[in-house]
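Participant: structure for this input, please:
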Amino acid sequence: MQLIQLQWIDYTILIAYVAFVIGIGWTLARYMKTSSDFLTSARSIPTWVTGLAFISANLGALELVGMAASGAKYGIATAHFYWVGAIPAMIFLAVFMMPFYYGSKARSVPEYLNMRFDGRVRCLNSIAFAVMTIFASGISMNALAKLLSQLLGWNYDLALWICSGVVLLYVLKGGLTSAIYTEVLQFFMIVLGFAPVVYLGMKDVGGWHHMTEKLQAVAQNPAALDLKAAGTHYAANAWTSAWQPLLAGSSNNPMGVDIFAMVFGLGFVLSFGYWCTNFLVVQRAMAAKNMTAARNTPLVAAVPKMLFPFLVIVPGMIAVALTAMPDKNYRIPPPVISQAAYTKAVDVVKNAGTSSPDSVVTAVSTALGKKVNAAKIGALLTENAGGKLGDAELEKGVYNAVAEYDYDGVILSLVKKYCPPGLLGLALTALLASFMSGMAGNVTAFNTVWTYDLYQAYLMPGKSDSHYFWTGKLTTVAGILLSIGAAYFASLYANAMDVIQLVFSFVNAPLFATFLLGMFWARTTGTGAFIGLFGGIGASAIVHGLTVAEGKGGWLGQKLFEFPSTMAQNFWLAAIAFIVCFTLTLVISLLTQRTKSDVDLKGLVYSLTPKIKADNLPFFQRPGVIGVILLICCVIMNLIFW
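Facilitator: Predicted coordinates for the structure are as follows:
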C-alpha cells in the first residue's frame, strides 16, 4: 500500500484527541480514592453513558478492521454477527441476566460464579477470561500498529509501544471510569469518521444496485479475483444475500458454513456466550447507577448495534466491487511485503529475457514469498517487452499480481483512497480511538478480574483496600505489557475477526453452558460446573488441534477434517465446546451432591428469585416491551437482506 503524507490539520486532529483522552484520565484521577472507584466505577454512571460504552467496548479492532475484512471475504452474511449474533443475546441479557448480575452485588462475572457455585469455577473462569482479554487487547493494538505502519510508514514496533503507552496513561489515572467515558467519545468519533468513507465509496462504486451487480459477477467466478481457488463457483447472491447461500449448504457460500453452524454455533453459543457472560461488556452495565439503568444499558446499545453493519461491513463489500472494476485503479491490499522483496521481483521481470513465463512466475513468487497471478505476470511481461516500463510501473504491476489478500487492510485502503486532508485526520483518529479504546476496555476488565477474583480471592486475601487499589494499578501495567506480546502473535493472522472468534470459541462458548444451567437449574452443582467448564475448553482445544482451516490448526499432528474457512471452524468449535460442557455439567450434577441450599441460591437462580416488577414504569419503557420491539426490528432486517 502506497504511503500517504498527513497535513498539519490531520496531525492537529490526532494530537487533540490523544491530549483529550489523557486529560480525561488526569481529570478523573482525583476521584479515584478506593479500589472500587478504580476497578468498578463505584456503580455511579448514567444509562446513556453505560449504553454507549457497552457497544463501544466491542467496537475495537473486532468491528472496524475485522468486520470490514469479513465483509470483503464473506459478504453481507457477515451481518449475522449483528442480527443473529448480537441483538437477541443483548435483549436476553437485559431482560433475564442483568437482575442476577446487578442484584447479587457481584463485582465481576467470576465473582457471581463463586456465589452460584464455588471457588474452583471462579478460578478457572478468571484464568480463562484473563487470557481472552489479553488476546483481544493485543488484536486491537496489532491492528492499530499495522495501520500506522502501512498507511503512514511509521515503524510497527514504535507505533505499538507508543500507543500502548497512551492507553496506559489514561487508564492508570482514571481506571474504569476513564475507559468508559473515553469509549463514549470513541463512539461519536467512529460515526463521524467513517460515515463519509462509506458514502464516498458507495458513490464511487455507483450506488447499492451497481455494487450488488458487481458482487454477483464476482460470486459466480471468485477465482478471477483470486478470492477463492480456481474452479470455485457460487450462486450470484453469495455475497449479497444473508440467508439463501447458507440454506444451500456450506459449499455454496464464501463463509463455508451451514445453517446449523450459523444458528446454533454463532446465533446461540457464541452470541449468548459473548454478550451474556463476557465481563468486558457486562462490566459496563454493572457500572450503572441502579438496576433499571443496568437493564436498560444493553437495550440502549442494541439500537446503534443493529445499524452498524452499514458502517463497518459495507466498506468490505465496496472493496470487492471496486477490485472487480479495473477502471477504479483499486485492489484489496496484499499482505505486507518488504520493499527489498518488491525490488527483487522487479529485477526478475526486467531480466526475464527469453525465460518461459512459468519460470518467471515461479521466480517472482519466490522473491515475494507469496502466490502470484500467472496471467497478470504474463501480461506484465508482454507489456514490458523491449524494456518499455520503468521500475515504478513494474513494481505496480507486481503489486497488482500478488494473489493473496490482507483483508485487515481493507478499511485502511479505503480511508487512503477517499479521505482528503482534514477528513483523513478525522478517519484516522476514529481508527485510533477504536483500537486504543478496545485495548483500554480489555485491560480494565483484566485488572478487575485479576485483582478481585485471583489476587484477593486466592493469593493475598484480607489486605487493606489501599493494597488492592495499588494492586489494580500495577496489574494495569502488567496487562498492557502482556497485550503487546499478544499483538505480536495476532500479527501472524490475516483476519483479526478469525482470531478473536477462535478465542471466544475456547472461552465464552463453554462458559455460556455453565451459566445457562446455573441460572435456570438449581440442581447444578459446583463439581459439575467445574468439570463441565474444563471439559468444554479442553474439547474445543482438542478439536482445533485435530482439524485444519486455511492452513491453521492441526497442531496435534493429525488432520481428521478440513473446514472450508476459519470462521466455519470457529463456529463448530463453539458448538462442540458448548455441547460437551452442557452434557458433562448436567450428568455430573445429577451424580453429585448439592452444596448450596435454595436459601443460598436466592437471587442467583431464576426460579428461586423474586421477579422484578416494572409496574412503576410506563408500558413503553419496560425492558421486556423494549426487547420485543427491538427483536421485531431485527427480524425485519433479516428479511430485507434474506
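
Participant: rest of the way, CA atoms for contacts and neighbours
Facilitator: Fine.

Participant: can you give me the helices in the stretch 401-550 of the chain?
Facilitator: 410-418, 423-448, 465-490, 496-520, 526-546 (DSSP state H, counting those that start in this stretch).

Participant: repeat for the stretch 201-350 of the chain
Facilitator: 207-220, 244-247, 259-260, 271-277, 279-286, 291-307, 309-312, 314-323, 339-350.

Participant: quick check: phi and psi at residue 372.
Facilitator: Residue 372 adopts backbone torsions of phi -130, psi 160, taken as degrees, to the nearest 10.

Participant: can you name the residues that contact it?
Facilitator: 361, 364-365, 401-404 (CA atoms under 8 Å, 6 or more residues apart in numbering).

Participant: please apply the same query to residue 585.
Facilitator: Per CA under 8 Å, 6+ apart, neighbours of residue 585: 514, 524-525, 528-533.

Participant: the bottom helix or strand of the protein by mean pLDDT?
Facilitator: Least confident helix or strand, the chain: strand 552-553 with a mean of 67, by mean pLDDT, DSSP states H and E.

Participant: in whichever helix or strand comes after it, what counts as buried?
Facilitator: Once the chain leaves strand 552-553, the next helix or strand it forms, by DSSP states H and E, is strand 561-563. Buried residues in strand 561-563, counting neighbours by 16 or more other CA atoms under 10 Å, are found at 562-563.

Participant: quick one: strands adjacent to strand 561-563?
Facilitator: strand 547-549 (parallel) (DSSP bridges).

Participant: chain center to the partner strand: distance?
Facilitator: The chain centre lies 21 Å from the centre of strand 547-549; the measure is CA atoms, centre = their mean, to the nearest Å.

Participant: for residue 111, which three-state class applies?
Facilitator: Of the three states, residue 111 takes helix under DSSP: H, G, I helix; E, B strand; the rest coil.

Participant: and it, how far is that from residue 212?
Facilitator: Relative to residue 212, residue 111 is positioned 49 Å away (CA to CA, to the nearest Å).

Participant: circling back: same list, the helices of the stretch 401-550 of the chain, but as JSON lines with distance to residue 76, mean neighbour count and mean pLDDT please.
Facilitator: Below are the helices of the stretch 401-550 of the chain laid out as JSON lines (distance: least, CA to CA, whole Å; neighbours: other CA atoms under 10 Å; pLDDT from 0 to 100):
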{"stretch": "helix 410-418", "distance to residue 76": "15", "mean neighbour count": "22", "mean pLDDT": "84"}
{"stretch": "helix 423-448", "distance to residue 76": "22", "mean neighbour count": "28", "mean pLDDT": "81"}
{"stretch": "helix 465-490", "distance to residue 76": "25", "mean neighbour count": "20", "mean pLDDT": "87"}
{"stretch": "helix 496-520", "distance to residue 76": "15", "mean neighbour count": "25", "mean pLDDT": "74"}
{"stretch": "helix 526-546", "distance to residue 76": "27", "mean neighbour count": "23", "mean pLDDT": "88"}
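
Participant: how about the closest residue to residue 218 other than its chain neighbours, phi and psi?
Facilitator: Leaving aside its sequence neighbours, residue 218 sits nearest to residue 324 (CA to CA, 6 or more residues apart in numbering; 7.2 Å). Backbone geometry at residue 324, expressed as degrees, to the nearest 10, gives phi -80, psi 0.

Participant: same check, this time on the one 5 residues further on
Facilitator: Torsion angles at residue 329 (phi, psi; degrees, to the nearest 10) stand at phi 50, psi 50.

Participant: now swap in residue 256 and tell me
Facilitator: phi 70, psi 30.

Participant: so what's the closest residue to it other than its chain neighbours scoring on pLDDT?
Facilitator: Computed as CA to CA, 6+ apart, the closest residue to residue 256 that is not its neighbour in sequence is residue 250, at 4.5 Å. Model confidence at residue 250, given as pLDDT, is 74.
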